[in-house]
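Novice: got a sequence here, can you build the structure:
(2 chains)
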Number of protein chains: 2
Amino acid sequence: MYTFLNDSFLPAADASLSVTDLSIQRGYGIFDYFKTIGGNPIFLDDHLDRFYHSAAHMRLAVDHTRGELKAIIAELIQLNRFPDSGIRITLTGGISTDSITPGQPNLIITQHPMAPPGRGCPPPVRLITYPHQRQLPGVKTIDYLVAIHLQPVIRERGAFDVLYHRDGIITECPRCNFFIVTAEGTLVTPARNMLKGITRMKVLALAADAGIPVEERDLPLDEVRTASEAFITSTSRHLIPISHLDDFPIGATNPAATNSAAPATTSRAAPTPTPGPITRKLNSLLYDLVNSKK
Amino acid sequence: MYTFLNDSFLPAADASLSVTDLSIQRGYGIFDYFKTIGGNPIFLDDHLDRFYHSAAHMRLAVDHTRGELKAIIAELIQLNRFPDSGIRITLTGGISTDSITPGQPNLIITQHPMAPPGRGCPPPVRLITYPHQRQLPGVKTIDYLVAIHLQPVIRERGAFDVLYHRDGIITECPRCNFFIVTAEGTLVTPARNMLKGITRMKVLALAADAGIPVEERDLPLDEVRTASEAFITSTSRHLIPISHLDDFPIGATNPAATNSAAPATTSRAAPTPTPGPITRKLNSLLYDLVNSKK
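Specialist: Numbers count the residues shown, from 1 in each chain, chains lettered A, B, ... in the order given. Prediction:
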């Protein structure tokens, strides 16, 4: 397995940074992450747009043009022979002379094999809520301090992940964006104080094209109680349906439980959580879009 | 120059971590930092107390006992022959198999030459205020994302550093604790939502011993306007007097400007900022304490 570091391809085990790099000393760096299917990077330009934006915002110089980065990525894919993979581009603060001023950034491109998301939705999962505002939320920094610190709590409560909110207004999961479908069938997702995911952007566009009303706006935690569906999005997993927010069953808990024809009313036992119809539809549209790129 | 990495002393240029370490991937790690004078570590047990506390809080295992760490530090000082220095012990999240779960931590001990603080106070400096709450503020993590991001703003405004506040309540500077002396001569410093520095602890004890009233409590920004003195504390610099908070001159701007005998009233031009009497006294007491340890 090869890793690209600054100007060369190295065996992954040899790719290392000085312990004085500002990522190790001060947690200072940015990254982006995309998948390849059949050797083709998916939505690469969108990810590179965001990578350059993150770098500029953190005042980290990228020495490579977009064309050069694409060529390096293509060569890495050829070298590693993982047609289905995740690729991460990281840019660190570099070696600082005073341990606070960024130096010449280090560029790292790593690849690992990863099965692409399938056409069907994965089973619904639980999220737990947590009051936290990510730092510099519009930038894809390497800062996951709180997310990692919360992992034992997430496991303890049988949850898939944590959903951050700021004074009761939902922002995001550490690595996913959050959506609900209202009882009226409108798709709603937070609009600020979070990272705008590439998958989020694609899902919003697919929904609009499919005639689903879309709102990007503040989403209070309380509103999830009246939602008919909820899901999260990410590059590696596409849509993941949400069955519970903390202990509250969402849309109790689908399919189309808020409709009069809901099967939930025909049984006294809680039914096995199932993805809702809009979640399934959007996941299927996304699958088709992604697989048209490969 | 040598660096200690996990189990061996290496030439500093050879001390490196895999790019898959969780510090580089996710900004996950902790550290501590102390000085040596004449080859003697200053307040080492206090720093090791905090190091072990930080590691435990972040669930990073330290493989070395306190005695082993002290022996390694002593050997590093012998190897490097920098009698006056700063030593940093860093513990990273290690190599993660899933890029979110910490692995076996990497332990890094680096040393660099550093002149010890002198007996006299350095010249007073300006701080600018910024609304920000550090994540996990009671733990000395490697997270300085916001501090580094703000450096150009600090430089632009001719300031020495930024002072964070949370809803108008002062917490800390990124690498220093903040104190005021009230018009009545009481020493006040924030008590929560910040890192409790070792120098802060020593200054509080020295003040109490010297009969100066001490309060650890919430300190609103507005209260600084009535302060007679302000200073910040750190391991590497001891006390640094503060002349201005944003554009407001503190104690306008000393010595003892709030007393009736203040020289500030004898001249129409703003006097050159000078450290206040309690700041000077505490700095001198700290100098004596530190130098009794060498």
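Novice: could you give the separation of stretch A:134-151 from the chain centroid?
Specialist: 12 Å (Cα atoms, centre = their mean, to the nearest Å).
Novice: ugh, wrong one, I meant stretch A:35-52
Specialist: The answer for stretch A:35-52 is 13 Å, by Cα atoms, centre = their mean.
Novice: same check, this time on stretch A:88-96
Specialist: 20 Å.
Novice: mind checking the pLDDT average for it?
Specialist: Throughout stretch A:88-96, pLDDT has a mean value of 96.
Novice: surely A:Gly211 is in a helix?
Specialist: No - secondary structure of A:Gly211 (DSSP: H, G, I helix; E, B strand; the rest coil): coil, not part of a helix.
Novice: any weak-confidence spans in chain A?
Specialist: Residues of chain A that meet the criterion pLDDT under 70 lie in A:255-270, A:294.
Novice: could you pull up the contacting residues of whichever residue of the stretch 151-294 of chain A sits closest to chain B?
Specialist: Closest to chain B within the stretch 151-294 of chain A is A:Gln151: 6.7 Å, counting by Cβ to the nearest Cβ. All C-beta spots, glycine's among them, are computed from the backbone N, C-alpha and C. Contact analysis of A:Gln151 by Cβ atoms under 8 Å, 6 or more residues apart in numbering or on different chains lists B:100-101.
Novice: got the phi and psi for the closest residue to A:Cys173 other than its chain neighbours?
Specialist: Spatial nearest neighbour of A:Cys173, chain neighbours left out: A:Asp161 (4.8 Å); criterion: Cβ to Cβ, 6 or more residues apart in numbering or on different chains. Recorded main-chain torsions at A:Asp161 are phi -160, psi 180, according to degrees, to the nearest 10.
Novice: go ahead and confirm A:Asp161 touches A:Ile232.
Specialist: Yes - using Cβ atoms under 8 Å, A:Asp161 is in contact with A:Ile232, at 7.3 Å.
Novice: quickly list what's touching both of the two.
Specialist: Residues touching both A:Asp161 and A:Ile232 (Cβ under 8 Å, 6+ apart) are A:127, A:173, A:176.
Novice: of the residues you listed, closest to B:Leu285?
Specialist: Set against B:Leu285, the nearest of the shared contacts of A:Asp161 and A:Ile232 by Cβ to Cβ is A:Cys173 (50.0 Å).
Novice: which residues in the stretch 1-150 of chain A form strands?
Specialist: A:2-5, A:8-11, A:16-18, A:29-37, A:40-41, A:85-92, A:107-113, A:125-131 (DSSP state E, counting those that start in this stretch).
Novice: hang on, the earlier thing: burial of the residue nearest to A:Cys173, as a residue count?
Specialist: 22 (other Cβ atoms under 10 Å in any protein chain shown).
Novice: so who does it touch?
Specialist: Counted by Cβ under 8 Å, 6+ apart, A:Asp161 has contacts A:125, A:127-128, A:154, A:173-176, A:232.
Novice: as TSV, the residues you listed with neighbour count would be great.
Specialist: Formatted as TSV, these follow (neighbours: other Cβ atoms under 10 Å in any protein chain shown):
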residue	neighbour count
A:Val125	17
A:Leu127	26
A:Ile128	19
A:Ile154	18
A:Cys173	23
A:Pro174	22
A:Arg175	18
A:Cys176	25
A:Ile232	26
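Novice: in JSON lines: those, plus distance to A:Arg88.
Specialist: As requested, these are arranged in JSON lines below (distance: Cβ to Cβ, whole Å):
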{"residue": "A:Val125", "distance to A:Arg88": "24"}
{"residue": "A:Leu127", "distance to A:Arg88": "24"}
{"residue": "A:Ile128", "distance to A:Arg88": "26"}
{"residue": "A:Ile154", "distance to A:Arg88": "22"}
{"residue": "A:Cys173", "distance to A:Arg88": "18"}
{"residue": "A:Pro174", "distance to A:Arg88": "15"}
{"residue": "A:Arg175", "distance to A:Arg88": "12"}
{"residue": "A:Cys176", "distance to A:Arg88": "16"}
{"residue": "A:Ile232", "distance to A:Arg88": "20"}
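Novice: tell me which of those residues is nearest to A:Met1?
Specialist: A:Arg175 (22.8 Å).
Novice: residue of the stretch 101-250 of chain A nearest chain B, please.
Specialist: Counting by Cβ to the nearest Cβ, the stretch 101-250 of chain A gets nearest to chain B through A:Tyr144 (4.0 Å).
Novice: thought that residue was touching B:Ser23?
Specialist: No - if you go by Cβ under 8 Å, A:Tyr144 and B:Ser23 don't touch, sitting 10.9 Å apart.
Novice: so for the two, which sits in the more crowded spot?
Specialist: B:Ser23 (31 against 22).
Novice: so which of the strands of the stretch 1-150 of chain A gets nearest A:Glu184?
Specialist: Comparing those by Cβ to Cβ, strand A:125-131 comes nearest, at 22.6 Å.
Novice: residues touching the closest one, excluding its own?
Specialist: Residues contacting strand A:125-131 (Cβ under 8 Å, 6+ apart): A:150, A:153-154, A:157-167, A:173, A:178, A:221, A:232, A:240-246.
Novice: now the buried members of these.
Specialist: A:150, A:154, A:159-166, A:173, A:178, A:221, A:232, A:240-245 (16 or more other Cβ atoms under 10 Å in any protein chain shown).
Novice: no more questions from me, cheers.
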